[in-house]
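> No sequence on hand, only this structure:
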């Protein structure tokens, strides 16, 4: 079979009734990148001259290159293979971005469009855009987990309009920073009302970074007359710990409760519940008859119970 012609006129022959017209469709299918110029001639029976039409057109291809920015630099992407993109582990409410670059090396502008299943945690911006000739557009693929969720082999396709398609498989997981609290609830129980010079009621909260990355925390609490938390914004390296002294000084006869929030990495919060109650210092003899107790005569050196 002969390959289809670069240019064809459909229909190539026919009959035109009196007082009517016939529409011809000209089809242009360039095979190489070059400029084409055709002269088509139509013979009409019983007409002394032939009808002629000049057909011009240019064949071009999309010369695009796609790459993914990795730590080691730009990695070229081929349209014939699946390209994995792994965000790794990302802390909850943190955003991690991977960059895909689309360069247009052709003579004309090209358009691209991304297609991917909807996800609140994974976004692509921009999803559709025109890349002018000789320029490059950077697309940001972002993973923003709001819970401890996983994204496994999530398909994303980059389609160059009238050009190739690039297929990606995206993987990621969201988790909370591994900051260990020695307790999340502390009940001081019944405590005497605080008086100047008296020994306060204290507890020590120990925070330990069990993660592989630095973790910052900040106690979102303003000290009050009955409760003080000795803490300032702190950054812990992996394996480091910080002790936070909590002092309870009840001033009234009542139950106390405070929910102290710790902001982790400026992204999410952990609550520590503190309880206690204030009581008056009222000491009396169990038996009022023992108010006066007489031992009588006791020999020196003798012990009497």
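Noted; the coordinates are in hand. On a predicted model such as this, the values are computed, not experimentally measured, just so you know.
> May I have the distance across stretch 42-54, first residue to last?
End-to-end distance for stretch 42-54: 12 Å, by Cα to Cα, to the nearest Å.
> typo on my end, stretch 25-42
Stretch 25-42: ends 14 Å apart by Cα to Cα.
> Residues contacting that stretch from elsewhere in the structure, which ones?
Outside stretch 25-42, the residues within contact range by Cβ atoms under 8 Å, 6 or more residues apart in numbering are 3-10, 50-61. For the C-beta atoms, the positions are set from N, CA and C on the backbone; glycine is no exception.
> I figured residue 136 hits residue 104, correct?
Yes. Contact criterion Cβ atoms under 8 Å: residue 136 and residue 104 qualify, at 7.2 Å.
> Just want to know which of those two has more residues nearby.
residue 104 (23 against 14; other Cβ atoms under 10 Å).
> correct me, but the more buried one touches residue 60?
No. Taking Cβ under 8 Å as the definition, residue 104 is not a contact partner of residue 60, at 11.9 Å.
> related to what we said a few turns ago, list the residues that contact both of residue 136 and residue 104?
With Cβ under 8 Å, 6+ apart, residue 136 and residue 104 have no common neighbours.
> rewinding a little: now, of the contacts of stretch 25-42, which are buried?
6-7, 9 (16 or more other Cβ atoms under 10 Å).
> Now render these as TSV, adding distance to residue 18 and pLDDT.
Shown next, in TSV, are the buried ones among the contacts of stretch 25-42 (distance: Cβ to Cβ, whole Å; pLDDT from 0 to 100):
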residue	distance to residue 18	pLDDT
6	35	85
7	30	85
9	23	87
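> so which of the residues you listed comes closest to residue 197?
The nearest member of the buried ones among the contacts of stretch 25-42 to residue 197, counting by Cβ to Cβ, is residue 6 at 102.2 Å.
> So what touches stretch 231-241?
179, 206-219, 221, 242, 244.
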